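Q: Below: sequence and its predicted model.
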Amino acid sequence: DGGITQSPKYLFRKEGQNVTLSCEQNLNHDAMYWYRQDPGQGLRLIYYSQIVNDFQKGDIAEGYSVSREKKESFPLTVTSAQKNPTAFYLCASSTSGNTIYFGEGSWLTVV
Amino acid sequence: AQSVTQLDSHVSVSEGTPVLLRCNYSSSYSPSLFWYVQHPNKGLQLLLKYTSAATLVKGINGFEAEFKKSETSFHLTKPSAHMSDAAEYFCVVYPSGNTGKLIFGQGTTLQVKP
């Protein structure tokens, strides 16, 4: 089936550690996005990419990094510089003017 | 600047009664508009989308929305609420001009009482 796959579903990070969340799509979409969602709040954009090897910062990019080496993959690294990383992370993809698809999300918790 | 405002952070209805979730947008151009639903600990699922075709858009699970350009609104409705409709609902704007940046409303929590 076509769609977006995020992994892992649950991830625990120790203080000072970098962790990477995976996002893969087989929809042949050009654009991909990472959002952060805190409990009871809306979504905030971290990074987005419209084409391979290009990406732009969103509203809350500090402490995060991404890469877009392949069209189908857009991994997000949460670095130790992100002081409050505990949240629900959502990956999405789209083609211009068309439907936006979301993954099932990943929970990141600092321990 | 383009923006989306969901006018109610929380809506409570009784099962079997109509649902109205309100969304206003601000856009210089004709945007694409979407409604998504999110159940707890899940990703967002598309309910319906408007892309400058018919102004009344029908979606899944009996939901529909009407695009009113004069009112810059895209309210979501359902004639009869079901317990399974209890969730968080997001109105989303995909700006024209391919900026690539989605604009989300803050979300409306729908509570359905038995």
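A: Perfect, thanks for sending it.
Q: low-scoring stretches of chain A, by residue?
A: Within chain A, the stretches with pLDDT under 70 are A:1-2, A:96-98.
Q: Around chain B, pick out the residues from it.
A: A:6, A:31, A:33, A:35, A:41-43, A:45, A:48, A:50, A:56, A:58, A:88, A:90, A:92, A:94, A:96-105, A:107 (CB under 8 Å from any CB of the partner chain). Yep, even glycine has a C-beta here, placed from its N, CA and C like the rest.
Q: Could you tell me which of the residues you listed belong to strands?
A: Among the residues of chain A next to chain B, the members found in strands (DSSP state E) are A:6, A:31, A:33, A:35, A:43, A:45, A:48, A:50, A:56, A:88, A:90, A:92, A:94, A:100-102, A:107.
Q: Go ahead and flag the most central residue of chain B.
A: Central residue of chain B (CA atoms, centre = their mean): B:Trp35, 3.4 Å from the mean position.
Q: what angle separates the strand or helix carrying that one from strand A:87-94?
A: If you go by DSSP states H and E, B:Trp35 is part of strand B:32-38. Relative orientation of strand B:32-38 versus strand A:87-94 (axes from the mean of the first three to the mean of the last three CA atoms, to 10 degrees): 140 degrees.
Q: Just the CA atoms of strand B:32-38, as CSV, please.
A: Presented in CSV, the C-alpha positions along strand B:32-38 are these (Å, rounded to 0.1, in the frame of the first residue of the first chain):
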residue,chain,number,x,y,z
SER,B,32,-6.5,24.8,-1.2
LEU,B,33,-8.3,24.0,2.1
PHE,B,34,-8.5,20.8,4.0
TRP,B,35,-10.0,19.4,7.1
TYR,B,36,-8.2,16.7,9.0
VAL,B,37,-9.1,14.5,12.0
GLN,B,38,-6.7,13.2,14.6
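Q: Once you drop chain neighbours, what's closest to the residue nearest to the centre of chain B?
A: Closest residue to B:Trp35 apart from its sequence neighbours, by CB to CB, 6 or more residues apart in numbering or on different chains: B:Leu47 at 4.4 Å.
Q: got the angle for the helix or strand hosting the one you found vs strand A:87-94?
A: Assigned by DSSP H and E, B:Leu47 belongs to strand B:44-50. Using the same axes, to 10 degrees, the inter-axis angle of strand B:44-50 relative to strand A:87-94 is 40 degrees.
Q: Export strand B:44-50 to PDB, keeping only CA atoms.
A: Extracted in PDB, the C-alpha atoms of strand B:44-50 (Å, rounded to 0.1, in the frame of the first residue of the first chain):
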ATOM      1  CA  LEU B  44      -3.900  13.100  10.800                       C
ATOM      2  CA  GLN B  45      -6.500  11.600   8.500                       C
ATOM      3  CA  LEU B  46      -7.900  13.600   5.600                       C
ATOM      4  CA  LEU B  47     -11.700  14.200   5.900                       C
ATOM      5  CA  LEU B  48     -12.100  16.400   2.800                       C
ATOM      6  CA  LYS B  49     -10.400  19.000   0.700                       C
ATOM      7  CA  TYR B  50     -11.400  22.000  -1.400                       C
END
